[in-house]
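Novice: Output the structure for:
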Amino acid sequence: MSTTEFDQYADQYEQLVHDPIRNRFARGSEFFALRKWHLLRDYLRRRKRDAAQMAWLDVGCGTGTLLKLAGSAFASARGCDPSEKMLEACQGLDVRVQTENRLPYEDRQFDLITLVCVLHHVPPAERAQLLAEVARVARPGGVVCIFEHNPWNPVTQLIVSRTPVDRDAQLLTSGTARRLLRQAGLRDQGCTYFLYLPEVLYRSLGFLEQLGTKVPLGGQYAAFGLHHEPAGANARRGTA
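Specialist: From the prediction side, this is the model:
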């Protein structure tokens, strides 16, 4: 999808992503953002990384939903997006306009970089260039996380096929996402599948999702990569 198309969708974005099945799964977009934040938070905790000492960049941040939810947990939280119109909803956030696949930041600035349902809008031939940019702005030891719709989930496929903002979507498997991370020079840190349970069940039975994190049937997945640390040196971490 072109930047101009996203500009046209910006004012009605929340309405356009609604779907009868999606609406039964969760009452609104907040649940999907919350699940991603919890997954990120738990990943960092397992690796003894303190978010309060990390600089975070959300690439393709859109209206800033995830930044608004989790930004206060980090030393700094920034976002960029090609659509100026979408960024108008990011008042109070540190965001910049992204020009094509060039990120508007200097080298080695971020300890965590996320791409939330971004790559399925990027033509396959341009994805490697975007991931190379992500690797460029990541600090040594930095974490990169790709969140994407899982094409192996038939319900996900159905919802995407009839969502106007996803009319150009070319879904990618977790294997493709992990390969892109490796091609960008990042160390593959595996993949987690999630969104098995609707909101009403997750609140009481969320522990059950832990049983399926490696089963490729969740509605979405998160693929992680780690920026290589220089041999014989400690990674620079923490300062924003």
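Novice: ok, then the element right after the strand of greatest length in the chain?
Specialist: In the chain, taking DSSP state E as the definition, the longest strand is strand 138-149. The helix or strand immediately downstream of strand 138-149 is helix 154-161, counting by DSSP states H and E.
Novice: May I see the buried residues of the very next helix or strand once past that next one?
Specialist: Using DSSP H and E, the helix or strand that follows helix 154-161 towards the C-terminus is helix 174-183. For helix 174-183, a neighbour-count test (16 or more other C-beta atoms under 10 Å) marks 174, 176, 177, 178, 179, 180, 181 as buried. Heads up, the C-betas are built off the backbone N, CA and C, glycines and all.
Novice: Now do the strands in this structure.
Specialist: According to DSSP E, the strands that the chain contains are 55-59, 76-81, 94-97, 110-116, 138-149, 186-194, 220-227.
Novice: tilt between the second one and strand 110-116?
Specialist: If I follow you right, that is strand 76-81. 40 degrees (axes from the mean of the first three to the mean of the last three C-alpha atoms, to 10 degrees).
Novice: and strand 76-81, what other elements does it pack with?
Specialist: strand 55-59, helix 65-70, strand 94-97 (3 or more C-beta pairs under 8 Å, 6 or more residues apart in numbering; DSSP states H and E).
Novice: out of the ones you listed, nearest to residue 25?
Specialist: Of all the helices and strands packed on strand 76-81, it is helix 65-70 that lies closest to residue 25, at 16.6 Å by C-beta to C-beta.
Novice: Which secondary structure elements does that closest one sit against?
Specialist: Packed next to helix 65-70, using 3+ C-beta pairs under 8 Å, 6+ apart, are helix 29-46, strand 55-59, strand 76-81.
Novice: Could I get those in TSV, plus columns for mean pLDDT?
Specialist: Compiled in TSV, the helices and strands packed on helix 65-70 are given as follows (pLDDT from 0 to 100):
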stretch	mean pLDDT
helix 29-46	94
strand 55-59	98
strand 76-81	97
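Novice: Compare the ones you listed and give me the one nearest residue 204.
Specialist: helix 29-46 (14.0 Å).
Novice: Buried residues of the closest one, list them for me.
Specialist: 29, 31, 32, 33, 34, 35, 36, 39, 40, 43, 44.
Novice: dump the residue contacts of residue 194.
Specialist: Residue 194 makes contacts with 35, 39, 209, 213, 218, 219, 220, 221, 222, as judged by C-beta atoms under 8 Å, 6 or more residues apart in numbering.
Novice: Right, I'll call it a day here.
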